[in-house]
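In: This is a predicted model, with the sequence first.
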Amino acid sequence: MEKEQNQKPENNPSEEINENIENSSQLNNEESENDFIEKKETVENSADEKIIELEDKLARTFAEMENQRRRFEKEKEEAFEYGGFSFAKEALNLIDNLSRSKQILANDDSLKNSEALKKIIEHLEIIDKDLLSIFKKNNIKPIDCLNKKLDPNLHQAMMEIEDDQKEPGTIVQEIQKGFTIKDRLLRPSLVGVSKKITNKDAKSEENKENLENK
């Protein structure tokens, strides 16, 4: 009896193997589950990033489409309002030619003070008024410039005219009439502007003094 009691129970190798297999399987399951969770999170993050990227691209596309629509609307509006810009600018030559014709006829010595000249001038003035009326109906208007201050946006100074009665830079002569179409300049007025009269005697005396001092 004592001999049997003193004998230690021996481990069953089969049981140890099974236990190791179970532990290994459990570890593998846990690792697989962790890997699956990590992969799932990676996929979800990647999907979220793609969604954000697609939303950004879509927003940019819509913004670009809206900008193109606005540009198209603006171009269409300008084409409607200013489509006749080039034609109107060329048509101003009619006004210029009428004005030159009147001036040439008025300076013709053979026609001066004749009834024929008077009638011709009257007819030319009627045509001139009719043209200006047609232009006005199409928002083409002459620039009123005489006795106004020179404005580089509307006028182009061609000469200076001595005049102490006017403030320097005042338009005292209209060489060629300017026009606008709506709020745009069709062509500037060609003008002469006033400047102070130079005192020649004082200037000569000043020059003389400068020469003597040298």
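Out: Done, it's in.

In: give me the element V172 is part of.
Out: Assigned by DSSP states H and E, V172 belongs to strand 171-176.

In: and that strand, which residues are buried?
Out: Buried residues in strand 171-176, counted by 16 or more other C-beta atoms under 10 Å: I171, V172, E174. All C-beta spots, glycine's among them, are computed from the backbone N, C-alpha and C.

In: and what of stretch 142-162?
Out: For stretch 142-162, the neighbour count (16+ other C-beta under 10 Å) marks P142, I143, C145, L150, L154, H155, A157 as buried.

In: So which of those residues belong to strands?
Out: Among the buried residues of stretch 142-162, the residues falling in strands (DSSP state E) are P142, H155, A157.

In: from the residues you listed, which single one is nearest S114?
Out: P142 (30.0 Å; C-beta to C-beta).

In: separation between the closest one and E162?
Out: Look at P142 and E162: by C-beta to C-beta, to the nearest Å, they are 27 Å apart.

In: any chance of the buried residues of strand 171-176 in CSV, plus pLDDT and distance to K195?
Out: As requested, the buried residues of strand 171-176 are exported to CSV (pLDDT from 0 to 100; distance: C-beta to C-beta, whole Å):
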residue, pLDDT, distance to K195
I171, 91, 12
V172, 90, 10
E174, 91, 17
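
In: what's the closest of those to E90?
Out: Closest to E90, out of all of the buried residues of strand 171-176 and judged by C-beta to C-beta, is E174, at 21.0 Å.

In: From what I see, that closest one and C145 are in contact.
Out: Yes - contact status for E174 versus C145: in contact at 5.8 Å, counting by C-beta atoms under 8 Å.

In: what residues do the two have in common as contacts?
Out: S189, V191 (C-beta atoms under 8 Å, 6 or more residues apart in numbering).

In: related to what we said a few turns ago, any chance of the ones in strands among the buried residues of stretch 142-162 in JSON lines, with distance to A59 and pLDDT too?
Out: Compiled in JSON lines, these are given as follows (distance: C-beta to C-beta, whole Å; pLDDT from 0 to 100):
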{"residue": "P142", "distance to A59": "50", "pLDDT": "91"}
{"residue": "H155", "distance to A59": "49", "pLDDT": "93"}
{"residue": "A157", "distance to A59": "52", "pLDDT": "92"}
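
In: Tell me how many other residues crowd K57.
Out: By other C-beta atoms under 10 Å, the residues close to K57 number 10.

In: same deal with the one 4 residues further on?
Out: Other residues lying near T61 total 10 when counted by other C-beta under 10 Å.

In: Which helix or strand contains it?
Out: In this assignment (DSSP H and E), T61 forms part of helix 13-82.

In: again, but for S133
Out: Here S133 sits within helix 115-137, counting by DSSP H and E.

In: how about the CA coordinates for that helix, as PDB?
Out: The C-alpha atoms that make up helix 115-137 are tabulated as PDB, following Å, rounded to 0.1, in the frame of the first residue of the first chain:
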ATOM      1  CA  GLU A 115     -28.300 129.900-102.000                       C
ATOM      2  CA  ALA A 116     -27.000 126.600-103.200                       C
ATOM      3  CA  LEU A 117     -24.400 126.400-100.400                       C
ATOM      4  CA  LYS A 118     -27.100 127.400 -97.800                       C
ATOM      5  CA  LYS A 119     -29.400 124.500 -99.000                       C
ATOM      6  CA  ILE A 120     -26.600 122.000 -99.100                       C
ATOM      7  CA  ILE A 121     -25.500 122.900 -95.600                       C
ATOM      8  CA  GLU A 122     -29.100 122.600 -94.400                       C
ATOM      9  CA  HIS A 123     -29.500 119.100 -95.900                       C
ATOM     10  CA  LEU A 124     -26.200 118.000 -94.400                       C
ATOM     11  CA  GLU A 125     -27.200 119.200 -91.000                       C
ATOM     12  CA  ILE A 126     -30.500 117.300 -91.300                       C
ATOM     13  CA  ILE A 127     -28.600 114.100 -92.100                       C
ATOM     14  CA  ASP A 128     -26.300 114.800 -89.200                       C
ATOM     15  CA  LYS A 129     -29.200 115.200 -86.800                       C
ATOM     16  CA  ASP A 130     -30.900 112.000 -88.100                       C
ATOM     17  CA  LEU A 131     -27.700 110.000 -87.600                       C
ATOM     18  CA  LEU A 132     -27.200 111.300 -84.000                       C
ATOM     19  CA  SER A 133     -30.900 110.400 -83.300                       C
ATOM     20  CA  ILE A 134     -30.400 106.900 -84.600                       C
ATOM     21  CA  PHE A 135     -27.200 106.600 -82.500                       C
ATOM     22  CA  LYS A 136     -29.000 107.800 -79.400                       C
ATOM     23  CA  LYS A 137     -31.700 105.200 -79.800                       C
END
